[in-house]
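In: Structure, please.
(chains A and B)
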Number of protein chains: 2
Amino acid sequence: MSGRLFVIGLGPGNRGQVTPEASRAVAEAEFFYGYGPYVERLELRPDQTRIASDNREELSRANAALQKAAEGASVAVVSGGDPGVFAMAAAICEAIDTGPAQWRDVELTIIPGVTAMLAVAARIGAPLGHDFCAISLSDNLKPWDLIVRRLEAAASAGFVIALYNPISKARPWQLGSAFETLRRILPDTTPVIFGRAAGRPDERIEITPLSQARPEQADMATCVMIGSAETRIIERKGRAPLVYTPRFSAGSNQ
Amino acid sequence: MSGRLFVIGLGPGNRGQVTPEASRAVAEAEFFYGYGPYVERLELRPDQTRIASDNREELSRANAALQKAAEGASVAVVSGGDPGVFAMAAAICEAIDTGPAQWRDVELTIIPGVTAMLAVAARIGAPLGHDFCAISLSDNLKPWDLIVRRLEAAASAGFVIALYNPISKARPWQLGSAFETLRRILPDTTPVIFGRAAGRPDERIEITPLSQARPEQADMATCVMIGSAETRIIERKGRAPLVYTPRFSAGSNQ
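Out: Numbers count the residues shown, from 1 in each chain, chains lettered A, B, ... in the order given. Have a look, this model is predicted:
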């Protein structure tokens, strides 16, 4: 008898950004697996159970949740933001792909959410208003030289770049190195946005020209966005500036 | 006396995917500007007014909404999905950048939403589980050769590609041409996902190998996603297959 598994995107952390279908799935599940800060964010009933784990244990968490669901339970795996963007949905698929055949019988429902780059962009204007890409800067799961090639390809082709997982204690130098790579391609004045905890009480959003961007401006919870050569800043008296990338491109960045 | 302007992302079209903050903003505004099908989706009170316009009138719609807000009204501009992804937030910023100085005094609140690629991805697994990019295939606002260069750069560097605005009556050949470009770079077996109306009653999601992908599988409301060389399909007995891109990359696609 197979149970079901919800993979739920909780959005950036502000209750107003949790979708109704995510809230309904939280009400329905019995067991909640996830990285500590995300399962702590849930408001659960006494009959619901949290199973928190560390943020580098994604595959073992996925295996445990699938096993529990295969035994017949109603299980949820929660992610901040959207579960399909550098989060648990891929780990669950990997676990199904390589795990016991009966895991394929689990009824799987993935519930999308507002991912960090969209929340940060909304707070500042429309930096993602033209073609863009999202890159995880973590070299735990891919070689650093591949990340460098992707940064070069994206910047050279005029994509705005959103960096997830920009920095951590175990990965202290990568963001600075990424800025160095991008400085060789993009103008000094290219806006860099450091967006931390968008929509939450501890929100902090900074705009810095690429020439002056420093890795210390980011932490694990920051989404870093690097504009294209066409990204613009609108100054406003008494209000925060707006940053946007025009919908129109003449292709002059080539 | 300046009013306020909400730029609201309504999500993919399913009520369960409209965030509470988007619903609150809809309750607060008096005048609603947007593309016909999006303003039609709103459930308004008799004291609230719809101003629908065509989908190629984004800048004139932005100007009209800003003018109304600058006169003191509470105004909303609505987009499907997320307003910052190939939608109205950039048009509003462009209008502010080039419009009368008093438009900069309008209190602007942008409310993010679940954009189409996230909704489609959630219905099918985790195709965006690794680095990815989003490209508008419309050559109304940029030259076609720039789009081709971006497709080549993204596919060569191993990004999964989400195509917005893949096809329309006025742009019938571009999607087929994009597939031709991508076939020169990616394996024949690369999964292509055609995701239409994800989460709505008329949802239709198809998975086709790149070698057989045809532009007729898409319409204006379709988000087309092209996997990387590492994107995998998991077959499941009696269930739709899952498509995912593993979090791990050895860089072998280079």
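
In: Now do the domain split for chain A, please.
Out: Annotated domains of chain A cover A:4-114, A:117-244 [automatic domain parsing].

In: okay if I get those domains as a markdown table plus mean pLDDT, distance to B:S177 and mean neighbour count?
Out: Every C-beta, even on glycine, is put in place using the N, C-alpha and C of the backbone. Output for the domains of chain A, formatted as a markdown table (pLDDT from 0 to 100; distance: least, CB to CB, whole Å; neighbours: other CB atoms under 10 Å in any protein chain shown):
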| stretch | mean pLDDT | distance to B:S177 | mean neighbour count |
| --- | --- | --- | --- |
| domain A:4-114 | 96 | 28 | 21 |
| domain A:117-244 | 97 | 17 | 20 |
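
In: wait, which of these is closest to B:I234?
Out: Nearest to B:I234, of all the domains of chain A, is domain A:4-114, at 5.1 Å by CB to CB.

In: near chain B at all, that closest one?
Out: Yes. Domain A:4-114 comes into contact with chain B (CB under 8 Å from any CB of the partner chain), by way of A:9, A:11, A:14-21, A:24, A:58, A:82-86, A:89-94, A:96-97, A:104-105, A:108, A:110-114.

In: what do you get for stretch A:212-231?
Out: No. Figure legend: stretch A:212-231 not in contact with chain B (CB under 8 Å from any CB); closest approach 10.1 Å.

In: again with stretch A:118-130
Out: Yes. Using CB under 8 Å from any CB, stretch A:118-130 reaches chain B at A:L118, A:A119, A:A121, A:A122, A:R123, A:G125, A:A126, A:P127, A:L128, A:G129, A:H130.

In: tell me which of those is nearest to chain B?
Out: A:G129 (2.8 Å; CB to the nearest CB).

In: got the contact list for A:D188?
Out: A:P209, A:L210, A:S211 (CB atoms under 8 Å, 6 or more residues apart in numbering or on different chains).

In: let's go with 6 Å and repeat that
Out: Applying CB atoms under 6 Å, 6 or more residues apart in numbering or on different chains, we find A:D188 in contact with A:S211.

In: tell me which of the residues of stretch A:118-130 next to chain B is nearest to A:S177?
Out: Of the residues of stretch A:118-130 next to chain B, the one sitting nearest to A:S177 (CB to CB) turns out to be A:P127, at 22.2 Å.

In: thinking A:T109 is in contact with A:F6, fair?
Out: Yes. Counting by CB atoms under 6 Å, A:T109 touches A:F6, with 5.1 Å between them.

In: before we move on, back to that, in strands only, show me the residues of domain A:4-114 next to chain B.
Out: A:G9, A:L108, A:I110, A:I111 (DSSP state E).

In: Look up how far B:I193 lies from the residue nearest to A:D131 when sequence neighbours are not counted.
Out: Nearest residue to A:D131, sequence neighbours excluded (CB to CB, 6 or more residues apart in numbering or on different chains): B:I135, at 4.8 Å. Distance, B:I135 to B:I193, by CB to CB, to the nearest Å: 15 Å.

In: what pairs with the closest residue to A:N55 other than its chain neighbours across the strands?
Out: Distance criterion CB to CB, 6+ apart; nearest residue to A:N55, sequence neighbours excluded, is A:Y35 at 4.5 Å. A:Y35 has these beta-bridge partners by DSSP bridges: A:S53.

In: And the strands in the stretch 151-254 of chain A?
Out: For the stretch 151-254 of chain A, strands defined by DSSP state E, counting those that start in this stretch occupy the ranges A:160-164, A:191-196, A:204-209, A:222-226, A:232-236, A:239-244.

In: do the first one and chain B meet at all?
Out: By that I understand strand A:160-164. No. Strand A:160-164 lies out of reach of chain B by CB under 6 Å from any CB of the partner chain, never closer than 9.2 Å.

In: what's the angle from that strand to strand A:222-226?
Out: Interaxial angle of strand A:160-164 relative to strand A:222-226 (axes from the mean of the first three to the mean of the last three CA atoms, to 10 degrees): 160 degrees.

In: Please flag which of the residues of stretch A:118-130 next to chain B sit within strands.
Out: A:G125, A:A126.

In: Among the residues of stretch A:118-130 next to chain B, which ones are in helices?
Out: A:L118, A:A119, A:A121, A:A122, A:R123 (DSSP state H).

In: which residues touch the closest residue to the last one other than its chain neighbours?
Out: What sits nearest to A:R123 in space, not counting adjacent residues and going by CB to CB, 6+ apart, is A:A198, at 5.1 Å. If you count contacts by CB under 6 Å, 6+ apart, A:A198 has them with A:P12, A:A119, A:V120, A:R123.

In: I'd like to know which of the residues you listed is nearest to B:W144.
Out: A:V120 (30.7 Å).

In: Quick check: beta-bridge partners of the closest residue in space to A:I205 that isn't next to it in sequence?
Out: Counting by CB to CB, 6+ apart, A:I205 lies nearest to A:G195, which is 5.0 Å off, once chain neighbours are set aside. Assessed by DSSP bridges, A:G195 has beta-bridge partners A:I205, A:C223.

In: what pLDDT does A:M1 get?
Out: On pLDDT, A:M1 comes in at 64.

In: Nearest residue to A:E40 in space, please, no chain neighbours.
Out: That would be A:A52: by CB to CB, 6+ apart, it lies 7.2 Å from A:E40.

In: for the stretch 1-150 of chain A, what spans make up the helices?
Out: When secondary structure is read from DSSP state H, counting those that start in this stretch, the stretch 1-150 of chain A shows helices at A:20-28, A:36-41, A:58-70, A:88-98, A:116-124, A:144-156.

In: Return the distance of the fourth one from the chain's centre.
Out: The chain centroid and the centroid of helix A:88-98 are separated by 17 Å, computed with CA atoms, centre = their mean, to the nearest Å.

In: From the contact counts, what lies against that helix?
Out: When contacts are defined as 3 or more CB pairs under 6 Å, 6 or more residues apart in numbering or on different chains; DSSP states H and E, helix A:88-98 packs onto strand A:4-9, helix A:58-70, strand B:125-126, strand B:239-244.
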